[in-house]
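Chemist: just the structure for this:
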Amino acid sequence: MKFEFKNFSCDVDVFYKDQDIVVRFYDGSREQTENEIVNLVIVDPGFGYLILKFKGDAALLSGYLDEVVFRSDEMVEAAIQYIEGLATRSTNIYMPYHIARIKETSFVEYNGEY
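Modeler: As a prediction, the model looks like this:
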């Protein structure tokens, strides 16, 4: 699946648990294939995640998006519309949300080498 906004496009993984949805935004060309997963592997965390959790007659939308990629409020709004489009139940319900635009400052990594 793809997420598209103006001239930007990225790959999307969608995960379902009951009616809840998690969407991962990433660049599929940066992921290793199964036979490439040997010795030194650098795992790309992608561009962020959104989760839509249904609670009775309402829903909560939260997550984080990389501010290097999701630079504008318009682009974040497009990501919100994308996940809402995956859940027809989200139409006309109360759905507060909090989405953080994050900037990577450091990371923790284990790659099998050290």
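Chemist: can you pull out the strands in this structure?
Modeler: Taking DSSP state E as the criterion, the chain carries its strands at 2-5, 8-17, 20-26, 48-55, 58-66, 97-102.
Chemist: check the offset of the fourth one from the chain's centre.
Modeler: In other words, strand 48-55. For strand 48-55, the separation from the chain centroid amounts to 9 Å (computed by C-alpha atoms, centre = their mean, to the nearest Å).
Chemist: partners of it in the sheet?
Modeler: Applying DSSP bridges, strand 48-55 is found paired with strand 20-26 (antiparallel), strand 58-66 (antiparallel).
Chemist: tilt between the longest one and strand 97-102?
Modeler: Compare the direction of strand 58-66 with that of strand 97-102 by axes from the mean of the first three to the mean of the last three C-alpha atoms, to 10 degrees and you get 10 degrees.
Chemist: switch the strands of the chain over to JSON lines; also include mean neighbour count, mean pLDDT and distance to Asn35.
Modeler: All C-beta spots, glycine's among them, are computed from the backbone N, C-alpha and C. Listed next are the strands of the chain as JSON lines, based on neighbours: other C-beta atoms under 10 Å; pLDDT from 0 to 100; distance: least, C-beta to C-beta, whole Å:
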{"stretch": "strand 2-5", "mean neighbour count": "14", "mean pLDDT": "97", "distance to Asn35": "25"}
{"stretch": "strand 8-17", "mean neighbour count": "14", "mean pLDDT": "96", "distance to Asn35": "20"}
{"stretch": "strand 20-26", "mean neighbour count": "19", "mean pLDDT": "97", "distance to Asn35": "20"}
{"stretch": "strand 48-55", "mean neighbour count": "18", "mean pLDDT": "96", "distance to Asn35": "27"}
{"stretch": "strand 58-66", "mean neighbour count": "17", "mean pLDDT": "96", "distance to Asn35": "28"}
{"stretch": "strand 97-102", "mean neighbour count": "14", "mean pLDDT": "96", "distance to Asn35": "32"}
